[in-house]
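Chemist: Got a predicted model here, sequence first, then my questions.
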Amino acid sequence: MAESRARADAQALVARFARMFGALADSVERVVRGKRDKVELALVCLLSEGHLLVEDVPGVGKTTLARALSASVEASWTRVQFTPDLLPGDITGVSIFNQGTGAFEFHPGPIFANLVVADEINRGSPKTQSALLEVMEERRVTVEGVPHQVPRPFMVIATQNPVDMDGTYPLPEAQLDRFLMRISMGYPDHRSEIEVLAGAPSGAVLDTLPAVAGRDDVAGMIDFAGRLHVAPSLYDYLVRVVAATRTHQDVRLGASPRASLALLRAARVRAAAAGRSFVVPDDVKALAVPVLAHRIIVTPEAELRGRDGAEVVTEVLSAVSVPQTAGV
Amino acid sequence: MRSYLSLPVTAGLTITAGLAFHRVFGYGPLLPMVPVAAVVPTVLAALLSGPRGSGRPWPLWISLVLTVCGWVGTVAVTVLRPALSDGTFPAALRTGLLDSWKSILTTLLPVPDRPELLVGVHAVVWLAAFAGAETALRTSWRAVACLPALGGFVLALLLGVDGPGSNLPAAAVFAGLTVALVLVRTDGAGLRALVPGVPAAAVLGALALVAGPFVPVGAEPYNPREQVRAPPPQQRDGVSPLDRVAGWLLVPDQVLFTVRASRPEVWRLAVLDRFDGVTWSSTADFVPTGSRVPRTSGRVGRRELVQDVAIRDLPGVWLPAADRPAAITGLAVAVDPASGVMAAGQPLRAGQTYRVTSAVPQWSGRELNTAVLAGDAEARAARELPWGPGARRPPVQLTEFGAFARRATEGAATPFQQAARLARFLQGHGRFDVTAPPGHGYRQLDYFLGETRRGTPEHYATAYAVLARTLGLPTRVMVGFRGGRAAGAAYEVRAGDVMVWPEVKFEGLGWVPFDPTPRQEGRGRGTGDVAGNSAQQTLEQAQEEAASAARESGAGDRPAPETTPGAAEGGQTSPWVYGVALLGLLTVAYVLTVFAVPARRRRRRRSGTPAVRIAGAWQQALEHLVDVGLTNARTLTAQEITRFGAHAVGEPALRHLHPLAELADRGRFAATPPDPQAADLAWRHSDGLGRLVTAKAGRPRRLLRRMHPRTLRRAERFHGTESPSP
């Protein structure tokens, strides 16, 4: 009896999670048209407490996505435009001497928001980029030896333009590894672009976008997804997928154990979003490319052949066997 | 309790395996030994498996140590009791364990029941009984406990190949006891699961029993003895018997041995079948024997003769006996299975006696007249005429010998006539002369045939053999003695009775002797002469008639026809018939299996816990989808397979595949186990999908696919190899 009640409770919680996830996605999609899959990936990233790297040409809705997300979850958001002369203190904040009190006071930078849009992150100097390292991983900023916690939820949505690379500083591997996902918005399809033209989202629309969930709701969803059941065979499958990226013939550097953890977190959120209280191989497969591809460095020979991380992950997924029930 | 009930069965299996060694030793020494060797370790294992103070059985290593001690003690008071009393027990034990197998493999069966030879079998039976009992007591496997005894049984079969008797009844008993073991170790539910397999097993068993003896491949079983070689005969006797002939003829009254037998025969001593251009030697491959001498093939009638031989002054290691020995007692001897010639392990000494039972061949005149030459490997080797040691071109004498032989056999119409004509020619154109210098190389023979034509049986027999080989007749040289002179109840065989004669091999008749040696002046045919033997008279009469017929017919020179074994078996069933029958049998067995295995698999999938049943329903659905092109689901998730099914079968399949995939995922990956209703639902969807696939693919196509060997593969090989999720 107790077991069936627990099962019913779990199912109810999962259903609530899925409902809120759907409502959030619907809300964001009111502004970002025709990109349901990208919106859902961004939400998965948010609820996995990860950071999102959006790699695309200008004008396809990267910033709009971040603004719509922040508006939907009733969260604070800031935008930092990365330029070569941007300093780390411009992001993290500075301590200024207060003549009235006779002491230094910390003035938080734009990083102290729930959603931080780091626009054209690859235009910032390596020193400035590295200022994000600590906060992205540990969710705190240390200024003059004093740690300062960032609010929860916290998510960095960084964008970069893959075409215009002059005067840019490519993100180092250590920083790429800290982004849970890398996605590409892509151009909208014909119909969606017409809809955009007919009802272009203006600042006013974004400002009036109703909040679907509060910050506490989002924190609760994050905690719930982290407790979702994962079968041992799924752990095995996930590790085999990640391990296969390390032994692939076209790969110089495969995905790290941090990638395994990230994929697991994201798979849990996707499972809950689908109304399931358990993870299935489909969750792993659906998220493997956005989570793993940007962490893989292919060999120069493979690069010359036009191969990239996404192709490698796709190949790996088609070669690694999914868990089955044996013996019947 | 079921484990303890298994012990009598495992002991019975081990006793059956031990008694299967009867083809090696005979039943005599095995009957008192094997039951003890099987029962004692079984009882020991039963006692040691009882609960200790901790409620658990004794550790296996204690059982192992105690059973080794028990075996040594049992062997000491049973098989090796004599060695225990004279203090040679350790050496006998070591010899028995390490060397007995080699001795058994190099001895013609049945081997003598010497204790050191029985120790190895005792150890095997003991070990099999112990392992079987421990397996039955410590595991819950049903049939695994029969494997140790099966190993012993297989060993007995291997060692007993070529032995007398049959192990077919033992195999039947073994199979019955194995079934009994499975039944004893199976509970009620398991018994019901076994029931469907019984008819199939019975049908296959009956087919194997009926058709097995007709399978041609069973005619030549693997014989481990062929891997073991005895020392070559040259190492047994430094002097060829052929070289002793001249010396014996110079002391004709020296008594070499006596034979007590019901009638005189030609006592064969040695076979010389290899000629290197200078000397004749033997290619005999000697094997020690307990008593038996293997039979030879052929369809010749035989007459038994028992001979008690007492050695007087016969030198060397060769033992005289009438052709063809069937058994020998009284001496440790080695036998060449091909020729039946016997040799002692040590040079003969005066006073040694032995008894030989021979089956003397009896040819009829008709058989001889219609005989065709043998074409087997032995016959081919007996046609060879090497150029001589170190010779780089053929000796010039060979051409002359060929012309001589053709002239001598002119007019012969059959191989037998050729052989008889050649013997008659040499007999009629030469003289017996004991003073002729010995030697049988090409030069000596050329001198003998071209100049003197005076010589001993050595010259005539070796000349005949070379001439016959130039004609293509497979020929060898024999050394032996005439029947001897009657002296009381025995026949005294003297040195002057020595004979050397050629033999020609005919298909089905074996080696037929010819006598090309002229009569020795002053030596008539006595009562002991072989000429007085009716069988020998028949042979000589046939040869005489053949030689005369050849002279009268005046037929031209004809090549000797050669037969092949296949042609000689023209009246027998063709191997094609066996092949077709075997193919049919295999086809029936395959069809039965290809339908039975998936059916059994489906039944198994429908039973078990709800999670297992759901997984079974999913596997069944995957097999359905194979019929519409699903080739490898190993890397596909349930949802991907669902999409494939919708594409291949049509949208209606989604009604079944989608919920079934969800149930399968829930059964495999959810934290809570599914309920029985979910399992029932999964199977309804799986069956519904099967009906849709049948409608889509068509029954003939599904039937063809079911005939594919792939259906016999285990499911996880096709669908994935991972461990089941808990």
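Modeler: Received it, and whenever you're ready, just let me know what you need.
Chemist: For the closest residue to chain A within the stretch 1-150 of chain B, the count of nearby residues, please.
Modeler: Residue nearest to chain A within the stretch 1-150 of chain B: B:Trp141 (16.3 Å; CB to the nearest CB). For the C-beta atoms, the positions are set from N, CA and C on the backbone; glycine is no exception. The number of residues packed near B:Trp141 is 13, by other CB atoms under 10 Å in any protein chain shown.
Chemist: Need phi/psi at it.
Modeler: phi -60, psi 150 (degrees, to the nearest 10).
Chemist: which residue packs closest to it, ignoring adjacent ones?
Modeler: Closest residue in space to B:Trp141, ignoring its immediate chain neighbours: B:Thr135 at 7.2 Å, by CB to CB, 6 or more residues apart in numbering or on different chains.
Chemist: can you count the residues close to that neighbour?
Modeler: 19.
Chemist: Over to A:Asp216?
Modeler: Neighbours around A:Asp216, by other CB under 10 Å: 10.
Chemist: Need the three-state assignment for it.
Modeler: helix (DSSP: H, G, I helix; E, B strand; the rest coil).
Chemist: can you tell me how far it sits from B:Leu585?
Modeler: A:Asp216 sits 77 Å away from B:Leu585 when distances are taken as CB to CB, to the nearest Å.
Chemist: where does B:Arg355 fall, helix, sheet strand or coil?
Modeler: strand.
Chemist: State the distance from it to B:Ile328.
Modeler: B:Arg355 is 7 Å from B:Ile328, by CB to CB.
Chemist: With neighbour numbers in mind, choose between these two.
Modeler: B:Ile328 (24 against 16).
Chemist: Can you read off the pLDDT for the residue in the stretch 351-500 of chain B positioned nearest to chain A?
Modeler: At 53.5 Å from chain A, B:Ala377 is the closest residue in the stretch 351-500 of chain B, using CB to the nearest CB. If you check B:Ala377, the pLDDT there is 84.
Chemist: Please name the residues that touch it.
Modeler: Taking CB atoms under 8 Å, 6 or more residues apart in numbering or on different chains, we find B:Ala377 in contact with no residue.
Chemist: Span of stretch B:665-676 from start to end?
Modeler: 16 Å (CA to CA, to the nearest Å).
Chemist: Let me fix that, I meant to ask about stretch B:284-294.
Modeler: Note: stretch B:284-294 ends 14 Å apart using CA to CA.
Chemist: Next: stretch A:177-194.
Modeler: With CA to CA, one end of stretch A:177-194 sits 37 Å from the other.
Chemist: Give the other helices and strands that the helix or strand where B:Thr42 lies contacts.
Modeler: If you go by DSSP states H and E, B:Thr42 is part of helix B:27-48. Here helix B:27-48 touches helix B:2-19, helix B:60-77, helix B:115-138, going by 3 or more CB pairs under 8 Å, 6 or more residues apart in numbering or on different chains; DSSP states H and E.
Chemist: for the first one, packing partners?
Modeler: The reference is to helix B:2-19. Looks like helix B:2-19 contacts helix B:27-48, helix B:115-138, helix B:147-160, helix B:168-184 (3+ CB pairs under 8 Å, 6+ apart).
Chemist: so what does the longest one touch, helix or strand wise?
Modeler: Looking back up the chat, that one is helix B:115-138. The helices and strands touching helix B:115-138, judged by 3+ CB pairs under 8 Å, 6+ apart, are helix B:2-19, helix B:22-25, helix B:27-48, helix B:60-77, helix B:89-105, helix B:147-160.
Chemist: Go again with 6 Å.
Modeler: Here helix B:115-138 touches helix B:2-19, helix B:27-48, helix B:60-77, helix B:89-105, helix B:147-160, going by 3 or more CB pairs under 6 Å, 6 or more residues apart in numbering or on different chains; DSSP states H and E.
Chemist: still on that earlier bit, just the mean pLDDT for the helix holding B:Thr42, thanks.
Modeler: 89.
Chemist: Most remote residue from the middle of chain A, which is it?
Modeler: Among residues of chain A, the one most distant from the C-alpha centroid is A:Gly100; the distance is 42.3 Å, by CA atoms, centre = their mean.
Chemist: Can you classify that one by secondary structure?
Modeler: coil.
Chemist: rewinding a little: please report how far the residue of the stretch 351-500 of chain B closest to chain A lies from B:Ala11.
Modeler: On the measure of CB to CB, B:Ala377 and B:Ala11 end up 47 Å apart.
Chemist: Let me have the helices and strands packed on helix B:2-19 in TSV, adding distance to A:His248 as columns.
Modeler: Listed next are the helices and strands packed on helix B:2-19 as TSV, based on distance: least, CB to CB, whole Å:
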stretch	distance to A:His248
helix B:27-48	54
helix B:115-138	46
helix B:147-160	44
helix B:168-184	49
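Chemist: domain parsing for chain A?
Modeler: A:23-225, A:228-322 (automatic domain parsing).
Chemist: And chain B, is the shortest one touching that?
Modeler: Yes. Domain A:228-322 reaches chain B (CB under 6 Å from any CB of the partner chain) through A:His229, A:Ala231, A:Ser233, A:Phe278, A:Val280, A:Pro281, A:Asp282, A:Ser318, A:Ser321, A:Val322.
Chemist: these two touch, right, the first one and A:Arg276?
Modeler: Same thing as A:His229. No. In this structure A:His229 lies outside contact range of A:Arg276 using CB atoms under 6 Å: 9.4 Å.
Chemist: on that earlier part again, list only those of the residues of domain A:228-322 next to chain B flagged as buried.
Modeler: A:His229, A:Ala231, A:Ser233, A:Phe278, A:Val280, A:Pro281, A:Asp282, A:Ser321, A:Val322 (16 or more other CB atoms under 10 Å in any protein chain shown).
Chemist: Specify the local secondary structure of the spatially closest residue to the fifth one that is not a sequence neighbour.
Modeler: Leaving out its chain neighbours, the residue that sits closest to A:Val280 by CB to CB, 6+ apart is B:Asp665, at 4.6 Å. Going by three-state DSSP, the secondary structure assigned to B:Asp665 is helix.
Chemist: which residues of the stretch 451-600 of chain B fall in helices?
Modeler: Counting by DSSP state H, counting those that start in this stretch, one finds helices in the stretch 451-600 of chain B at the ranges B:457-470, B:534-553, B:565-568, B:575-605.
Chemist: Out of these, which is the most enclosed?
Modeler: Most buried of those by mean neighbour count (mean count of other CB atoms under 10 Å in any protein chain shown) is helix B:457-470; its value is a mean of 27.
Chemist: Residues contacting it, please?
Modeler: Contacting residues not belonging to helix B:457-470 are listed as B:242, B:245, B:383, B:385, B:401-402, B:405, B:422, B:426, B:440, B:445, B:448-449, B:475, B:477, B:499-502, B:516-517 [CB atoms under 6 Å, 6 or more residues apart in numbering or on different chains].
Chemist: Can you dump the C-alpha atoms of that helix in PDB for me?
Modeler: C-alpha atoms of helix B:457-470 as PDB (Å, rounded to 0.1, in the frame of the first residue of the first chain):
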ATOM      1  CA  PRO B 457      64.700 -70.300 -51.500                       C
ATOM      2  CA  GLU B 458      66.100 -66.900 -50.700                       C
ATOM      3  CA  HIS B 459      67.200 -66.400 -54.300                       C
ATOM      4  CA  TYR B 460      64.100 -67.800 -55.900                       C
ATOM      5  CA  ALA B 461      61.700 -65.900 -53.600                       C
ATOM      6  CA  THR B 462      63.500 -62.600 -53.900                       C
ATOM      7  CA  ALA B 463      63.900 -63.100 -57.700                       C
ATOM      8  CA  TYR B 464      60.200 -63.900 -58.000                       C
ATOM      9  CA  ALA B 465      59.300 -60.800 -56.000                       C
ATOM     10  CA  VAL B 466      61.300 -58.400 -58.100                       C
ATOM     11  CA  LEU B 467      60.100 -60.000 -61.400                       C
ATOM     12  CA  ALA B 468      56.500 -59.900 -60.200                       C
ATOM     13  CA  ARG B 469      56.800 -56.200 -59.300                       C
ATOM     14  CA  THR B 470      58.000 -55.500 -62.800                       C
END
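Chemist: How far off centre is it?
Modeler: How far helix B:457-470 lies from its chain's middle: 36 Å, per CA atoms, centre = their mean, to the nearest Å.
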